[in-house]
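S.K.: structure for the following, please:
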Amino acid sequence: MVDVKITSEYITLGQFLKYVGIIGNGCEAKIYLAENDAYINDALDTRRGRKIYPGDVVRVNNQTYKVIS
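M.R.: The predicted structure follows:
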């Protein structure tokens with residue numbers, strides 16, 4: 001599990017994918033999520049605007065990330 005530190009209250013799923021280097025820019029988020037599964041706290045979610053808070057666990061591309069503040 002990889003810790004991902006954020007300094008804001010939350011980060012959106014699209015921003016998260018860009019932040020960890022899975023996509024190159026925000027425009028790619030919609031396409032990426034249409035073709036790949038993303039799990040937030042073990043629940044499938046494909047909304048690029050989904051808010052992710054510290055303490056949430058994100059699983060994408062066979063990698064698990066824990067968001068910390």
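S.K.: how far does the longest strand anywhere in the chain sit from the chain's center?
M.R.: The strand that spans the most residues within the chain, counting by DSSP state E, is strand 63-68. The chain centroid and the centroid of strand 63-68 are separated by 8 Å, computed with CA atoms, centre = their mean, to the nearest Å.
S.K.: how about Asp37: what's its closest non-neighbour residue?
M.R.: What sits nearest to Asp37 in space, not counting adjacent residues and going by CB to CB, 6 or more residues apart in numbering, is Leu44, at 5.9 Å. Glycine gets a C-beta too; all of them are placed from N, C-alpha and C.
S.K.: does anything pack onto the longest strand of the chain? Which helices or strands?
M.R.: strand 2-5, strand 57-60 (3 or more CB pairs under 8 Å, 6 or more residues apart in numbering; DSSP states H and E).
S.K.: nearest to Thr12, of those?
M.R.: Nearest to Thr12 among the helices and strands packed on strand 63-68 is strand 57-60; the distance by CB to CB comes to 11.5 Å.
S.K.: what pairs with the closest one, and is each one parallel or antiparallel?
M.R.: Its sheet considered, strand 57-60 pairs with strand 38-40 (antiparallel), strand 63-68 (antiparallel) by DSSP bridges.
S.K.: looking at the ones you listed, which is nearest to Phe16?
M.R.: Judging these by CB to CB, what sits closest to Phe16 is strand 63-68, at 7.7 Å.
S.K.: give me the residues contacting that closest one.
M.R.: Under the criterion CB atoms under 8 Å, 6 or more residues apart in numbering, residues 1-6, 11, 16, 20, 52-59 lie in contact with strand 63-68.
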